[in-house]
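> Compute the structure for the input listed below.
(4 chains, ligands or ions: 4)
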There are 2 protein chains.
Amino acid sequence: MPKAARKTHPARAAQQPLERLEALCLERGQRLTRQRRAVLRQLLVEGRALSAYELLERLRPEDGRSTPAGVYRALEFLMQAGVVHRLESTRSFILCEHPEAPHTGQLLICRGCGEVVEAEDERVSAATGRLGEQLGFSLDQRVVELTGLCGRCRTQHAAQAQ
Amino acid sequence: MPKAARKTHPARAAQQPLERLEALCLERGQRLTRQRRAVLRQLLVEGRALSAYELLERLRPEDGRSTPAGVYRALEFLMQAGVVHRLESTRSFILCEHPEAPHTGQLLICRGCGEVVEAEDERVSAATGRLGEQLGFSLDQRVVELTGLCGRCRTQHAAQAQ
DNA sequence: GCGGCAAGTGATACATTGTATCATTTGTCG
DNA sequence: CGACAAATGATACAATGTATCACTTGCCGC
Ligand SMILES: [Zn+2]
Ligand SMILES: [Zn+2]
Ligand SMILES: [Zn+2]
Ligand SMILES: [Zn+2]
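Ligands and ions are numbered 1, 2, ... in the order given. Reported below is the predicted structural model:
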């Protein structure tokens, strides 16, 4: 499975969020501060989902004044901006893979290796939207988190069982 | 909107979980104990999602020895049995509305009144299943939680805005 | 520059949610 | 009854998330 089919290229991944953030800050009179950049960068270099406290651990060495509240505030900002997603089922946070526009996606989580793949599946979006309508809900948040084993982990698992 | 279209009748709702639980206990050599019944009953009488600690508060008066661990253990058991669901996005627990068989459903959560409606939408299930296949995942858990305003709350909201 | 203002941070303390451990009790079966 | 697994009680703790308020920072108009 070619990685490019699922993942944004790292160089672009690094650039796009910054662009979005700068635009958003201008628009709303907000600031793209040191702390917010630091959290974003950490999620980028790690390349996987991290809990708020894992982020804190990694930020402390370079900024001893980081606090839980600070990290959560930065994450809140980044989520509002649409460049970070929260994984409800693992209480962690991950960089958005499609930050070019705000969106409602789906997250697939491998319980073997922890990899998270972000999808934007039209059928799923349509189906959940229609379900909301049917039941008279006006939706403003859609959490779709699918957990299982990715292809790589499944073959490994099968190999070990023999 | 007729309630019967969405909700199992209370009398049945009370009966079905017990049947399922008794069957499951026989099958696995487990016990349907006082504590497990108490948690189930509390979720039933409350008729809405409760956090583990809200449950604990309500159980303490009638059983002063309840502990967090005990409540979580009971909830774990009830979830395994398929008669209770956990809402990841609100960290709470709710009685299953369709306990006749284990299933992967969708939960719609009203942020106005807290009502939770459980759906079993074939299109959503199919779409998420197909998405998993496409990305090479073998899924074993599907969290679909859609948050918004229910019809009632939306009309109230609109009325207040005037 | 500089005073005023909103946005953001630091520091502290606290609230909520979830687990680990181990001794004890309870139910079941022979 | 006695043995055994299932379940609980008790305690302590880990992990996750927020409230508050004084202080700082950047920006804007003067
Ligand atoms: Zn995204
Ligand atoms: Zn994997
Ligand atoms: Zn259900
Ligand atoms: Zn409502």
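> ok, is the longest strand seen in chain A in contact with chain B or not?
For chain A, the strand reaching the highest residue count under DSSP state E is reported as strand A:138-149. Yes - using CB under 8 Å from any CB of the partner chain, strand A:138-149 reaches chain B at A:138-149. To be clear about C-beta, it is placed using only N, CA and C from the backbone, and glycine gets the same treatment.
> need the next SSE after that strand, C-terminal direction.
If you walk from strand A:138-149 toward the C-terminus, the next helix or strand you reach (DSSP states H and E) is helix A:151-161.
> Counting neighbours, which bits of that next one end up buried?
By 16 or more other CB atoms under 10 Å in any protein chain shown, the buried positions in helix A:151-161 come out as A:153-154.
> what's the angle from it to strand B:138-149?
Regarding helix A:151-161 and strand B:138-149, their directions subtend 140 degrees when assessed with axes from the mean of the first three to the mean of the last three CA atoms, to 10 degrees.
> Which two of the residues of strand A:138-149 next to chain B have the greatest separation?
Looking at the residues of strand A:138-149 next to chain B by CB to CB, the two members farthest from one another are A:Ser138 and A:Leu149, with 35.6 Å of separation.
> between these two, which one's more packed in?
Here A:Ser138 and A:Leu149 are compared on neighbour count by other CB atoms under 10 Å in any protein chain shown; more neighbours surround A:Leu149, at 20 against 14.
> so how far is A:Arg34 from the more buried one?
Applying CB to CB, to the nearest Å, one obtains 39 Å for the distance of A:Leu149 from A:Arg34.
> which residues are there in chain A that come within reach of ligand 1?
Residues of chain A found near ligand 1 (CB under 5 Å from the ion) are A:96, A:98, A:105.
> on that earlier part again, redo the residues of strand A:138-149 next to chain B as CSV? Include distance to B:Glu27.
Written out in CSV, the entries for these read as follows (distance: CB to CB, whole Å):
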residue, distance to B:Glu27
A:Ser138, 42
A:Leu139, 38
A:Asp140, 42
A:Gln141, 38
A:Arg142, 36
A:Val143, 32
A:Val144, 32
A:Glu145, 29
A:Leu146, 28
A:Thr147, 25
A:Gly148, 25
A:Leu149, 26
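> Ligand 2: which of the residues you listed is nearest?
Distance from ligand 2 was checked for each of these by CB to the ion. The minimum falls on A:Leu149, at 6.0 Å.
> Do you know the pLDDT at the closest one?
Looking at A:Leu149, its pLDDT stands at 96.
> Show me the helices in chain A, by range?
Read by DSSP state H, chain A holds these helices, from start to end of the chain: A:10-28, A:34-46, A:52-59, A:68-80, A:122-134, A:151-161.
> Ligand 2 is nearest to which of those helices?
helix A:151-161 (3.2 Å).
> mind saving the C-alpha coords of that closest one as PDB?
Only the C-alpha atoms of helix A:151-161 are listed here, as PDB (Å, rounded to 0.1, in the frame of the first residue of the first chain):
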ATOM      1  CA  GLY A 151      -3.200  -4.500   7.000                       C
ATOM      2  CA  ARG A 152       0.400  -4.600   8.200                       C
ATOM      3  CA  CYS A 153      -0.400  -5.500  11.800                       C
ATOM      4  CA  ARG A 154      -2.900  -8.100  10.600                       C
ATOM      5  CA  THR A 155      -0.300 -10.000   8.600                       C
ATOM      6  CA  GLN A 156       2.200  -9.800  11.400                       C
ATOM      7  CA  HIS A 157      -0.400 -11.100  13.800                       C
ATOM      8  CA  ALA A 158      -1.200 -14.000  11.500                       C
ATOM      9  CA  ALA A 159       2.500 -14.800  11.100                       C
ATOM     10  CA  GLN A 160       3.000 -14.900  14.800                       C
ATOM     11  CA  ALA A 161       0.100 -17.200  15.400                       C
END
